[in-house]
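Peer 1: I would like the atomic coordinates for the input below:
(one chain, ligands or ions: 1)
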Amino acid sequence: MEFSTRAIHVGSACDPATGAVVPPVYLASTYVQHEAGVWREFDYARSGNPTRKALENTVANLEGGCGALAFATGMAAIHCATGLLKTGDHLLAGADIYGGAYRLFHKVLTRNGVTVTQADATDLKKLAEAFQPNTKLVWVESPGNPRLSITDLAACAELAHQRGALFGCDNTFATPVLSRPLELGADIVMHSATKYYGGHSDVMGGLLAVRDKKLYDELYFLQNSIGAVLSPFDCFLVQRGLKTMELRVRAQSHTAQRLAEWLAGHAAVKRVLYPGLPNHPGHDIAKRQMSGMFGAMLTLELKGDFAATKKFVQSTKLFQLAVSLGAVESLIEQPASMSHASYDPAARAQHGITDGLVRLSVGLEAFDDLRADLEQALRNN
Ligand SMILES: *Cc1c(COP(=O)(O)O)cnc(C)c1O
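Peer 2: Numbering: from 1, shown residues only. Sure, this is the predicted structure:
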């Protein structure tokens, strides 16, 4: 069946007891057993819960994995994946990654004797050179954050496997509507469900989907041991959100494409970083690896300095000044002072997070209204 059909029907079977079209939310923290020491499917809600199980089954199906795991936040999901590493192991991350992942990798993992380096994953030669004999995990984002760089996921997976490392991909920006890294060879795909899966800025969550059963079992062990699981009610909200994910992502990507084309010709704009524009360095790979659309995240660089850029992000009205992304309402932010403030200044410069950069999360509002909003803010800048 097609994606949209599976999003609605897998994991959302009607309740056999009452006929309710939407299954009930199971809030119980513990489950009665028939016999001491012989566990039924559910025993204690950290270890498993029917509402979470249903969501995890849906996610595994949509991502093309053998299993999935739901966490309290996206960072909890990434943290669980890094639990595969032990003292002396090396993590190789892409250059264009989420600020929170940067902080976890460099400022937390390193306390436990894991070494971390970053390399430009869009340049396979540079990535290949950055491997060390003890590299156990390669972690990339595509499109990357905030420059929307595009990484050739199939080539990275092949390279990681040749060197004996696992390959994990943060697929938050692309969503499974536009890209399914497991089908391209990734071992783990990760999502901040706070973004497009939830889609309405009203729930936080994280997801891992896994290609093989042995790795799934290892990650399940870590999830249950660490305990940062997604609550039943939040599972319900993510399950509800993902039913419209395909519609939302397609409509939002369409608007983002039109805004990118319009902004690229605006006098106050130095450049537009959007993989759907032919001049984007990753355009050809994105065309091949994403399903004909390029996502609803759009980054632009203004000609003005830090202060002018700050003023610009404060002067839109429909685009609300906030971090986060992927919901029905459009958001605007300045990476240098907001989403990527946890990067050290030198690292920001090295990763091209300039003062003039502005990141837009394009929502479901009408194109004409969004364009008019950006236009008035650019005019007054
Ligand atoms: C938001 C985000 C995360 C972290 O997810 P949380 O749900 O905020 O913990 C990780 N990666 C990307 C690309 C994100 O946008």
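Peer 1: Please list the residues of the stretch 151-300 of the chain that sit near the ligand.
Peer 2: 170, 172, 173, 192, 194, 195, 204, 206 (CB under 6 Å from any ligand atom). From N, CA and C alone the C-beta is placed, and that goes for glycine too.
Peer 1: Skipping its backbone neighbours, what lies nearest the closest residue to the ligand within the chain in space?
Peer 2: In the chain, no residue comes nearer to the ligand than residue 74, which is 2.2 Å away by CB to the nearest ligand atom. Excluding the flanking residues, the one nearest residue 74 by CB to CB, 6 or more residues apart in numbering is residue 192, at 2.9 Å.
Peer 1: repeat for residue 86
Peer 2: Closest residue to residue 86 apart from its sequence neighbours, by CB to CB, 6+ apart: residue 114 at 7.6 Å.
Peer 1: Do a quick rundown of the helices in the stretch 1-150 of the chain.
Peer 2: 3-9, 50-63, 74-82, 99-103, 124-129 (DSSP state H, counting those that start in this stretch).
Peer 1: Mind putting those into a markdown table with mean pLDDT, distance to residue 92 and mean neighbour count?
Peer 2: Output for the helices of the stretch 1-150 of the chain, formatted as a markdown table (pLDDT from 0 to 100; distance: least, CB to CB, whole Å; neighbours: other CB atoms under 10 Å):
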| stretch | mean pLDDT | distance to residue 92 | mean neighbour count |
| --- | --- | --- | --- |
| helix 3-9 | 97 | 31 | 15 |
| helix 50-63 | 98 | 23 | 22 |
| helix 74-82 | 98 | 12 | 23 |
| helix 99-103 | 92 | 13 | 19 |
| helix 124-129 | 97 | 7 | 14 |
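Peer 1: nearest to residue 334, of those helices?
Peer 2: helix 99-103 (12.5 Å; CB to CB).
Peer 1: then the closest one to CSV, C-alphas only?
Peer 2: This file holds the C-alpha atoms of helix 99-103, laid out as CSV (Å, rounded to 0.1, in the frame of the first residue of the first chain):
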residue,chain,number,x,y,z
GLY,A,99,23.2,22.3,17.6
GLY,A,100,22.0,19.9,20.3
ALA,A,101,23.7,17.0,18.6
TYR,A,102,26.9,19.0,18.4
ARG,A,103,26.6,19.7,22.2
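Peer 1: anything in that helix near the ligand?
Peer 2: Yes - for helix 99-103, a contact with the ligand is found by CB under 6 Å from any ligand atom, at 100, 101.
Peer 1: contacting residues for the residue nearest to residue 74?
Peer 2: Residue 192 is in contact with 73, 74, 75, 77, 98, 170, 172, 205, 206, 326, counting by CB atoms under 8 Å, 6 or more residues apart in numbering.
Peer 1: For these, which single residue is the most surrounded?
Peer 2: residue 326 (30 neighbours; other CB atoms under 10 Å).
Peer 1: these two touch, right, that residue and residue 202?
Peer 2: No - with contact defined as CB atoms under 8 Å, residue 326 does not reach residue 202; the gap is 12.0 Å.
Peer 1: Dead centre of this protein: give me the residue that sits there.
Peer 2: residue 172 (1.7 Å; CA atoms, centre = their mean).
Peer 1: Which other helices and strands does the helix or strand containing residue 308 contact?
Peer 2: Secondary structure assignment for residue 308, by DSSP states H and E: helix 306-313. Judged by 3 or more CB pairs under 8 Å, 6 or more residues apart in numbering; DSSP states H and E, the packing partners of helix 306-313 are strand 297-302, strand 357-361.
Peer 1: at 10 Å what do you get?
Peer 2: On a contact count with 3 or more CB pairs under 10 Å, 6 or more residues apart in numbering; DSSP states H and E, helix 306-313 meets strand 297-302, strand 331-333, strand 357-361, helix 367-379.
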